[in-house]
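*Asks:* structure for the following, please:
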Amino acid sequence: MASFMTRLKASYDVLTNKASPTAIPTEDRVTSYGPSISRGNIGYNTSKTSVLAPIVARISVDAAQIPMRHVIVDSNDLLMEYRRTELDDRLTKQANIDQTGRAFIQDAVETMLFEGACVLVPVEVSSNPRTGTYDILSLRVGTVRQWFNRSVEVSVYNEKTGDRQEITLPKEFVAIAYNPLYSVMNRTNSTLERLVNRLGILDVADGKILSPSLDLLIQLPYTLKNERRQAEAARRLEVLQEQLEDSKYGIAYLDATERVTQLNRPVTNTLIETVTSLNETLHSQLGLTPSIFAGTASPEEIVMYNNRTILPITRALTEAMLNPFFTRTAISQGHRVMAYPDLFKMAPLSVLADAGDKLTRNEIMTGNEVRAAVGLLPSKDPEADALRNKNLNKTEPGVAPSAEEPVEEDLKEKEEDA
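*Replies:* Next comes the predicted model:
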């Protein structure tokens, strides 16, 4: 608790532009929903939400399973080491008082897909950002309200007040991640917009079919060219309506010379076929297949889904954090935020066993690294941490393998030859 209070004293609140108080504020606001979650405050029409909700949920959950870490890379952008920093803790452990690192990434992806862009806001830092470098102590996901040349107005949750707050921040301070699938999901007249429009038309057509109106034409035995006949027709219509309303079973009588034509007969149209076609097109453009939703996708389908959908989204988030969260000196020293998918979790058991054998035999991974990847505890055997091919006999370092000693028969043959 003492370490937490020490950090709290040294922190700087970006939303209030002043140092955070040393005392924890009392909770004086009660809400029936979580305003800290950005995706819960996005307003969309019902049709668009119903179409996007299952897609966004599937993609955001899968993207949140890929860990994002603060790493050091070499000149070829190859991983050298992981760094345990405040930023790494925000992305892997606790992003803020309400969200873990994984929940924060899921919130960011959902906001990005719904809105077209999301803003990662460091709401609490170790010192005033205007005075120099700082550590990020709390991260929040915000939504864009207005765009400016060098700044952006963001709606972000303020845990001090318990409500969302709109604040204008410079673009070099916040990480703005854009949806790589914007043209499919967010652009005007996109495939999603066309699907939503067709669903709206289909809902209207279904409502008309299920409406209580009868849609009848009554043919009277006389013409309606003059006003007197039109008045008689209006009175006749009122009489029929009264009979139908007052009747227990909705029955009315007609004259022998009157005929009725019903209009609300089902009419064949192509709305359902169009909606089905647009829905399949939308899923294919997003790299989704029915087997992905059902959990029965083949390894090839999973690889294609990850390469076409998940990796571009995670890369958009990690690349957006580069310039705002690192100085130029740190970037030149190889500091990055990178996402590394766990390939072992994406493979079936048979492929996993074969991959583990090949990786250890070719001295790419140790036995304990493979055990950790599949969720097993590390072995205490020192050989489990050795990077070598266990199918070969072990030799002492610097000692050449000894030659086989000659047997007695070979010595006798050499004496006879001499």
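
*Asks:* what's the pLDDT at the residue nearest the centre of the chain?
*Replies:* What sits nearest the mean C-alpha location of the chain, by C-alpha atoms, centre = their mean, is residue 60, with 1.9 Å. If you check residue 60, the pLDDT there is 92.

*Asks:* not counting sequence-adjacent ones, nearest residue to it?
*Replies:* Leaving aside its chain neighbours, residue 60 sits nearest to residue 109 (4.1 Å; criterion: C-beta to C-beta, 6 or more residues apart in numbering). Just so you know, the C-beta spots here come from the backbone N, C-alpha and C atoms, and that holds for glycine as well.

*Asks:* again with residue 254
*Replies:* residue 260 (6.7 Å).

*Asks:* re earlier: which residues sit in contact with the residue nearest to residue 60?
*Replies:* By C-beta atoms under 8 Å, 6 or more residues apart in numbering, the contact list for residue 109 reads 56, 59-60, 63-64, 118, 313, 317.

*Asks:* now stretch 71-80, how far from the centre of its chain.
*Replies:* Chain-centre distance of stretch 71-80: 26 Å, with C-alpha atoms, centre = their mean, to the nearest Å.

*Asks:* do stretch 222-229 as well
*Replies:* Distance, centroid of stretch 222-229 to centroid of chain: 67 Å (C-alpha atoms, centre = their mean).

*Asks:* for residue 250, which three-state class applies?
*Replies:* coil (DSSP: H, G, I helix; E, B strand; the rest coil).

*Asks:* circling back to that earlier point, out of the contacts of residue 109, which is most surrounded?
*Replies:* With neighbours set by other C-beta atoms under 10 Å, the maximum within those is found at residue 118, which has 29 neighbours.

*Asks:* wasn't it part of a helix?
*Replies:* No - assigned with three-state DSSP, residue 118 falls outside any helix and is strand.

*Asks:* surely it touches residue 177?
*Replies:* Yes - contact criterion C-beta atoms under 8 Å: residue 118 and residue 177 qualify, at 5.4 Å.

*Asks:* list residues touching both of these two?
*Replies:* Common neighbours of residue 118 and residue 177 (C-beta under 8 Å, 6+ apart) are 108, 112.

*Asks:* sorry, back to before: from residue 317, how far out is the residue nearest to the centre of the chain?
*Replies:* To residue 317, residue 60 is 11 Å away according to C-beta to C-beta, to the nearest Å.

*Asks:* check residue 311 too.
*Replies:* Counting by C-beta to C-beta, the gap from residue 311 to residue 317 is 11 Å.

*Asks:* common neighbours of the two, please.
*Replies:* Contacts common to residue 311 and residue 317, judged by C-beta under 8 Å, 6+ apart, are residue 339.

*Asks:* could you break the protein into its assigned domains?
*Replies:* Listed by automatic domain parsing, the domain ranges of the chain are 2-181, 214-263, 345-418.

*Asks:* only C-alpha atoms, please: export stretch 81-93 in CSV.
*Replies:* This file holds the C-alpha atoms of stretch 81-93, laid out as CSV (Å, rounded to 0.1, in the frame of the first residue of the first chain):
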residue,chain,number,x,y,z
GLU,A,81,14.3,-8.9,-25.1
TYR,A,82,11.1,-8.0,-23.2
ARG,A,83,11.1,-4.9,-21.0
ARG,A,84,9.3,-4.8,-17.7
THR,A,85,8.1,-1.2,-17.6
GLU,A,86,5.1,0.8,-16.6
LEU,A,87,3.8,0.7,-20.2
ASP,A,88,4.3,-3.1,-20.3
ASP,A,89,2.3,-3.5,-17.1
ARG,A,90,-0.5,-1.4,-18.5
LEU,A,91,-0.8,-3.6,-21.6
THR,A,92,-0.4,-7.0,-19.8
LYS,A,93,-1.5,-6.6,-16.2
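
*Asks:* residue 186: neighbour count?
*Replies:* 19.

*Asks:* now do the contacts for it.
*Replies:* Residue 186 neighbours (C-beta under 8 Å, 6+ apart): 115-116, 179, 192.

*Asks:* so which of those residues would you say is closest to residue 169?
*Replies:* residue 115 (16.6 Å; C-beta to C-beta).

*Asks:* how close does residue 364 get to residue 373?
*Replies:* 12 Å.

*Asks:* mind checking which of the two has more residues around it?
*Replies:* For residue 364 and residue 373, the more surrounded residue by other C-beta under 10 Å is residue 373, and the numbers stand at 17 against 11.

*Asks:* thinking again about what came up before, for the residue nearest to residue 60, give me phi and psi.
*Replies:* phi -70, psi -40 (degrees, to the nearest 10).

*Asks:* change the start of the numbering to 333 and stick with it
*Replies:* Got it, the first residue is 333 from now on, which makes the last one we talked about residue 441.

*Asks:* thought residue 468 was touching residue 452?
*Replies:* No - using C-beta under 8 Å, residue 468 is not in contact with residue 452; the gap is 9.5 Å.

*Asks:* who's more crowded, these two?
*Replies:* The neighbour comparison of residue 468 against residue 452 (other C-beta under 10 Å) goes to residue 452, with 27 against 23.

*Asks:* for the more buried one, which non-adjacent residue is spatially closest?
*Replies:* Distances taken as C-beta to C-beta, 6+ apart place residue 507 nearest to residue 452, at 4.0 Å, with adjacent residues excluded.
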